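S.K.: can you look at this prediction? I've put the sequence above it.
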Amino acid sequence: MYGDFARVYDRLMRDVDYGAWGAHYRKLLEQAGVPRGGRVLEGACGTGNMTMELAGHYSVTPGDASEEMLSVAARKARQAGLSLAFTRQDLRALAAHRPADAVVCACDGVNYLLTPRDLRRFLLSAYRALKPGGALAFDLSSHFKLSRLLPKAPQVLLEEDIAYVWLSRWDQRAQRLHMELSVFARRTDGAFDRLVERQAQRGWSRGEIEAALRQAGFGSVRCYGNLTLRAPGPQARRLHFLAKKPLE
């Protein structure tokens, strides 16, 4: 997943307000008592968009399972004058050289954990990576969004230098959204490359996530709607979770 797609990912995500998203994460971490300059381990960092938002406020160690995504993220960090140590890490096996003040996973990373075992492995590895009293913050696309909003008619983008066709299909039995994205990106010679990306995301309910957090040992579990500090409504499209590792 995210091989050749890494080179067009930011182009397709250009309308996302990462500034507001990053500000919300800083608000969540502040609420959890994470100090400015604290150590933050970031899982599933992708091309580093959230990394850039966090790096000016915390000592961030970003990681991702995709070498291609990490390559793009590292280049962006260098261009921004940031010295960051990007590491290749599976979200289900996070590790930190020193206990972290916070673990963060933004932009649907947890939706790509397709089974309860995968979810538990992520939460346990995050728990181990945190110092006592540390915070875990992550967001995901809601079950409502994946099961009711996305599996509609094909989504199409047509622009001069890039186009895509996005097909989605909801699997009720597996509680997964299967997606196929065909991207046509213009090369410097004027020809187009076709990139085909197939992915699946799990539709996790709020109750499933909250139960898994408590089973992994976390306390002070909270769930918020998108970019708010209010509880989500039944048709919320994005859920933010904040939990703490108890003090020993």
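M.R.: All right, it came through fine. Predicted, not measured: the structure shown is a model, and the values here were computed from it. Numbers count the residues shown, from 1 in each chain.
S.K.: residue with max distance from the center of the protein?
M.R.: Asp189 (34.0 Å; CA atoms, centre = their mean).
S.K.: where does that residue land on pLDDT?
M.R.: Turning to Asp189, the model gives it a pLDDT of 91.
S.K.: next, it: secondary structure please.
M.R.: Secondary structure, DSSP: H, G, I helix; E, B strand; the rest coil: Asp189 is coil.
S.K.: from Leu227, how far off is it?
M.R.: 41 Å (CB to CB, to the nearest Å). Glycine gets a C-beta too; all of them are placed from N, C-alpha and C.
S.K.: same question, Pro62
M.R.: From Pro62 over to Leu227 the distance is 21 Å, taken as CB to CB.
S.K.: just Met179 next, same as before
M.R.: Met179 is 24 Å from Leu227, where distance means CB to CB.
S.K.: pairing partners for the helix or strand where Leu41 lies, with directions?
M.R.: Secondary structure from DSSP states H and E places Leu41 in strand 39-42. Note on strand 39-42: by DSSP bridges, its sheet partners are strand 59-64 (parallel), strand 100-105 (parallel).
S.K.: pick the most buried one from the ones you listed.
M.R.: strand 100-105 (a mean of 27; mean count of other CB atoms under 10 Å).
S.K.: I'd like the next helix or strand past that strand.
M.R.: Of the helices and strands lying after strand 100-105 in sequence (DSSP H and E), the nearest is helix 116-129.
S.K.: give me the buried positions along the following helix or strand past that following helix.
M.R.: Under the assignment DSSP H and E, the closest C-terminal helix or strand after helix 116-129 is strand 130-141. Judged by neighbour count using 16 or more other CB atoms under 10 Å, the buried positions of strand 130-141 are 130-131, 134-141.
S.K.: run the angle between strand 130-141 and strand 100-105 for me.
M.R.: Per axes from the mean of the first three to the mean of the last three CA atoms, to 10 degrees, the angle that strand 130-141 makes with strand 100-105 is 20 degrees.
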